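Need coordinates for the following:
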Amino acid sequence: MVGIIRRNAEKYPSSLPRFPNQDTSGWPYYGCDQGAGAYLNMYRKGFPGGTAGRSIRTTTQASTTFDATLFNIDGTESTDGVWNGGMTVAEGAGSANANQYVGGYMDTADNVWYMLFCDTDTSPHTLYFSKVNEAGTVTAIGNAQLGNASMNSMRYNNSYQGALRRLGGDGSGNFGLYWTNTTGGNAAAGVPYRGVDITINASDGSLSYGTMMPTAFGNPSLPLSYPTIGPTGNNIVAGVHGLWWTGGHTLPSGVATYGGLANLTSGKAMNNINMGNPISNNIPWTNGYALIFERSKDTYTVGTYYGTGVYAPNSFNESELHAWVDEMAVYHGIL
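Just a heads-up that it's a prediction; the model follows:
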């Protein structure tokens, strides 16, 4: 028929790459299924060198509401140190000035949970970097004021923000955090929205700034939201958000999860694309506002901001998840 072009099945596959299966190698621990029982909370595996079956639960119902509780496998709470009654922002940061949780990273070599908090009463805001062990002892590593106000309001559920990651692997190197709302590096918000890759010094919490996207990228809006996965070996970063927003939280789990992809080498990026759903390609889904990703050595744990829980898998091997991100980048034509 005139005007009809038959698509090449290899170039244009009919199905999205399948999201990895659940990684249960660290199971069981309290709350590991992260399902409906995780309403307004997120559970991640406890200290790898500590008591088996323990988990750390953080509240996820509001930007400024936070406490962290260390649970035993039987659901009883630890009463050691700052864990007694739940660790507050001030206790975790080692300072009463901090008032928001930004993110965490469980280091299996150091056997501590590294934490980043924010003081929103300074201008620009100030980050507090610290660590806590299973015994409930907090060490305040250092704090530093952000370079400009375009990086204000860092918190675990901010759509501009990535997941805290360790740059040299467990027990080695500084920490990194993506933030998309700058023109590039330590600059104000605005076009071309190349974003910043913030380095947090592991020894003293001081900050330095690099540009996230290359000069080949330019856009009137952000390259992607929630840049929480990656970078992969091919320098791809992904964000997997949650359901397509329709003004409510009652849509079935067959509705698509949306997200974005960015190639930090070529500058190719796309936001608000279909990433799949639990039925079609195994991807997690939530009826809350957004999915939350937090990292450890070789694992991503997924929770939800608000909502009644995470549907489909919620704990993933880093290598498998990064391979899926690369496959998605090929599927969407940016790799």
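
Neighbours of the residue lying closest to Asp170 once chain neighbours are set aside, how many?
Closest residue to Asp170 apart from its sequence neighbours, by CB to CB, 6 or more residues apart in numbering: Ala109 at 3.9 Å. C-betas here are computed from N, CA, C, even on glycine. Residues near Ala109, counting by other CB atoms under 10 Å, number 13.

How about Asn181?
19.

For it, what are phi and psi?
phi -90, psi 50 (degrees, to the nearest 10).

Am I right that it is in contact with Ser153?
No - at 9.5 Å, Asn181 does not count as touching Ser153 under the criterion of CB atoms under 8 Å.

avg pLDDT for stretch 266-273?
Stretch 266-273 shows a mean pLDDT of 94.

what's the distance between that stretch and the middle of its chain?
A distance of 18 Å separates the centroid of the chain from that of stretch 266-273, by CA atoms, centre = their mean, to the nearest Å.

That stretch: which residues count as buried?
The neighbour-count check on stretch 266-273 (16 or more other CB atoms under 10 Å) flags Ser266, Gly267, Lys268, Ala269, Met270, Asn271, Ile273 as buried.

Switch these over to a markdown table; also include secondary structure and distance to Leu146.
Below are those laid out as a markdown table (DSSP: H, G, I helix; E, B strand; the rest coil; distance: CB to CB, whole Å):
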| residue | secondary structure | distance to Leu146 |
| --- | --- | --- |
| Ser266 | coil | 29 |
| Gly267 | coil | 25 |
| Lys268 | coil | 29 |
| Ala269 | strand | 24 |
| Met270 | strand | 28 |
| Asn271 | strand | 24 |
| Ile273 | strand | 30 |
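
Please identify which of those is nearest to Tyr226.
Lowest distance from Tyr226 to those (CB to CB) belongs to Asn271, with 9.9 Å.

which residues of this structure fall in helices?
89-93, 278-281, 318-331 (DSSP state H).

winner for burial among those helices?
Comparing these by mean neighbour count (mean count of other CB atoms under 10 Å), helix 89-93 ranks first with a mean of 23.

who does that helix touch, helix- and strand-wise?
Helix 89-93 sits against strand 100-107, strand 112-119, strand 126-132, strand 138-145, with contacts defined as 3 or more CB pairs under 8 Å, 6 or more residues apart in numbering; DSSP states H and E.

repeat that for 7 Å
Here helix 89-93 touches strand 112-119, strand 126-132, strand 138-145, going by 3 or more CB pairs under 7 Å, 6 or more residues apart in numbering; DSSP states H and E.

Can you say which of those is nearest to Asp170?
With CB to CB as the criterion, Asp170 lies closest to strand 112-119 of those, at 10.6 Å.

what's the offset of the closest one from the middle of its chain?
In terms of CA atoms, centre = their mean, the centre of strand 112-119 is set 14 Å apart from its chain centre.

which one is Arg18 nearest to, not counting chain neighbours?
Nearest residue to Arg18, sequence neighbours excluded (CB to CB, 6+ apart): Asn281, at 4.8 Å.

repeat for Glu327
Leaving aside its sequence neighbours, Glu327 sits nearest to Pro17 (CB to CB, 6+ apart; 3.8 Å).

Neighbouring strands - and their directions - for the helix or strand of the chain with the lowest mean pLDDT?
For the chain, counting by mean pLDDT, DSSP states H and E, strand 310-311 ranks last in confidence among helices and strands (a mean of 71). Paired with strand 310-311 in the same sheet, following DSSP bridges, are strand 285-286 (antiparallel).

The partner strand: how far from the chain's middle?
The chain centroid and the centroid of strand 285-286 are separated by 15 Å under CA atoms, centre = their mean.

With stretch 218-227 instead?
Using CA atoms, centre = their mean, the offset of stretch 218-227 from its chain centre is 16 Å.

Same check on stretch 25-36?
Centre-to-centre, stretch 25-36 and its host chain are 18 Å apart (CA atoms, centre = their mean).
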